[in-house]
Structure formats: structure tokens, C-alpha cells
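Asker: Make a model of this:
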Amino acid sequence: MTPATPTPAAADGTSGRFRSLVRRLRDDDGAATAEYAITTMAAVAFAGLLVAIMRSDEVRGILTELVRRALSFDG
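Answerer: Numbers count the residues shown, from 1 in each chain. Below you'll find the predicted structure:
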């Protein structure tokens, strides 16, 4: 088997850089971190929505009445 003659791109190291780039693009390091960040942002948005709902007078009244009924003793 005869060795392949290097192409001009391989002689100056370009193909090695290309392979390195392809390897980095295929690598999924950091994907889990991005997923955690997206999940955290969604959780914060949901918490903000809950805070906005809980601040409404109607919901506050419903919860207050629920707690009063739960704590009252009708023996």
C-alpha cells in the first residue's frame, strides 16, 4: 500500500483544523447546561405567573375563605 500524497490543504494543517472544527460541532458538551438554563427560565416565568395570580384580590379572598373553613371548628 503506497502512502497517499498530501494535498496542499493537508500540508499546511488546514484539514487538521477542519477536523477539529467538525469534532467540536459534533460534540454536545454544554448541551445539558443549556437545557438546565432553559428549564430554569421556564420555572421562573411560571413562578412569576403564579405571583401575579396570587396577588389578585379574588384569589386572595378564595384562599382566605378556604383557610378559615379549614381552621374553623364546627363540632
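
Asker: Could you measure from the one residue sitting closest to the centre of the chain over to R26?
Answerer: Geometric centre of the chain, nearest residue: I38, 2.3 Å, by Cα atoms, centre = their mean. Computed with Cβ to Cβ, to the nearest Å, the distance linking I38 and R26 is 21 Å. Yep, even glycine has a C-beta here, placed from its N, CA and C like the rest.

Asker: E58 too?
Answerer: With distances taken as Cβ to Cβ, E58 is found 53 Å from R26.

Asker: shaky segments in the chain?
Answerer: 1-14, 28-31, 75 (pLDDT under 70).

Asker: Okay, helices next: where are they in this structure?
Answerer: Along the chain, counting by DSSP state H, helices occupy 8-11, 14-26, 31-54, 57-71.

Asker: which other residues reach the third one?
Answerer: Contacts with helix 31-54, where a contact means Cβ atoms under 8 Å, 6 or more residues apart in numbering, come from V59, R60, L63.

Asker: Next, the angle helix 57-71 makes with that helix.
Answerer: Relative orientation of helix 31-54 versus helix 57-71 (axes from the mean of the first three to the mean of the last three Cα atoms, to 10 degrees): 80 degrees.

Asker: Could you tell me how far helix 31-54 lies from the centre of the chain?
Answerer: Mean-position distance between helix 31-54 and its chain equals 9 Å (Cα atoms, centre = their mean, to the nearest Å).

Asker: next one: the second one
Answerer: A distance of 27 Å separates the centroid of the chain from that of helix 14-26, by Cα atoms, centre = their mean.

Asker: and that helix, what does it pack onto?
Answerer: On a contact count with 3 or more Cβ pairs under 8 Å, 6 or more residues apart in numbering; DSSP states H and E, helix 14-26 meets no helix or strand.
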